[in-house]
Each structure stands twice: as structure tokens, then as C-alpha cells.
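> Give me coordinates for this.
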Amino acid sequence: MSESTPYRCPKFAIAFDRFVQIISFATSSNRRIWSKEVSGLLGVHQRSAQRYLLQLEQQGYLVGDGERPIGYIPSDKAKQLFGVNA
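So this is what the prediction gives:
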């Protein structure tokens with residue numbers, strides 16, 4: 001890539017950054033998090049935040065609480081990744 005060519009962040013890098021932000025937020029909060037908070041944190045639509053949270057739950061980084069609205073807490077996997085005591 002030449003110096004005159006602006007760097008374009010691939011979509012996967014943007015998604016990765018958002019996932020890291022969500023997991024970091026979840027592990028630093030001592031409470032459940034939910035899509036409206038994540039939406040505000042990331043500056044995305046609430047539906048996008050819901051998809052991110054669901055994907056992180058499916059990958060084992062978050063655990064849904066089954067309440068309405070659905071809240072999430074970090075899994076032991078997420079806590080280990082961010083050095084938080086499980």
C-alpha cells in the first residue's frame with residue numbers, strides 16, 4: 001500500500017473492534033448489559049447491537065439471562081480473556 005493510498009479498515013476489523021468493546025464493557029460492568037446500552041456505546045442501531053450480543057453469546061463470550069429485555073453478563077471465557085477474576 002502506498003503512502004498516498006488511505007488505509008481502509010476491512011469490515012471484519014470493524015466488527016472485531018466492536019466485539020472487543022462489548023466484551024470489555026461487559027467485563028468492566030458489575031451488572032447485566034443490554035442492547036440499548038451497547039447501541040449507545042457503539043453508536044449503532046439497537047438491532048445491530050442485538051445481533052452483536054447474540055453472536056457473542058453464541059461464541060461463548062456472553063451469557064443471556066433470559067429476561068425481557070434480554071440482558072447479558074460476561075462468561076468465564078470473556079473474564080479470562082480480559083483478566084477479570086471469574
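> CA only for contacts and neighbour counts going forward, please
Noted.
> Report the central residue of the chain.
residue 22 (2.6 Å; Cα atoms, centre = their mean).
> That one contacts residue 38, doesn't it?
Yes. With contact defined as Cα atoms under 8 Å, residue 22 and residue 38 form a contacting pair (6.9 Å).
> for stretch 18-26, the distance to its chain's centre please.
Averaging C-alpha coordinates over stretch 18-26 and over its chain gives two centres that are 4 Å apart (Cα atoms, centre = their mean, to the nearest Å).
> For that stretch, buried residues please.
Residues of stretch 18-26 classed as buried by neighbour count (16 or more other Cα atoms under 10 Å): 18-19, 22-26.
> Save those as a markdown table, and put in distance to residue 44, secondary structure and pLDDT too.
Formatted as a markdown table, those follow (distance: Cα to Cα, whole Å; DSSP: H, G, I helix; E, B strand; the rest coil; pLDDT from 0 to 100):
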| residue | distance to residue 44 | secondary structure | pLDDT |
| --- | --- | --- | --- |
| 18 | 10 | helix | 95 |
| 19 | 13 | helix | 96 |
| 22 | 12 | helix | 97 |
| 23 | 16 | helix | 96 |
| 24 | 17 | helix | 95 |
| 25 | 15 | helix | 96 |
| 26 | 17 | helix | 96 |
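> And the residues you listed, which is closest to residue 60?
residue 23 (11.0 Å; Cα to Cα).
> Figure out how far the one helix or strand residue 49 maps to is from the centre of its chain.
Following DSSP states H and E, one finds residue 49 within helix 46-58. Offset of helix 46-58 from its chain centre (Cα atoms, centre = their mean): 8 Å.
> Quick one: residues in contact with it.
Helix 46-58 is contacted by residues 19, 22, 35-36, 38-39, 62-64, 72 when judged by Cα atoms under 8 Å, 6 or more residues apart in numbering.
> Narrow those to just the buried residues.
Among the contacts of helix 46-58, those classed as buried by 16+ other Cα under 10 Å are 19, 22, 35, 38-39, 62-64, 72.
> What segments of this protein are strands?
In the chain, the strands defined using DSSP state E lie at 33-34, 62-64, 71-74.
> Nearest to residue 12, out of those?
strand 62-64 (19.6 Å).
> now what about that closest one, what contacts it?
Outside strand 62-64, the residues touching it (Cα under 8 Å, 6+ apart) are 23, 53, 56-57, 70-75, 78.
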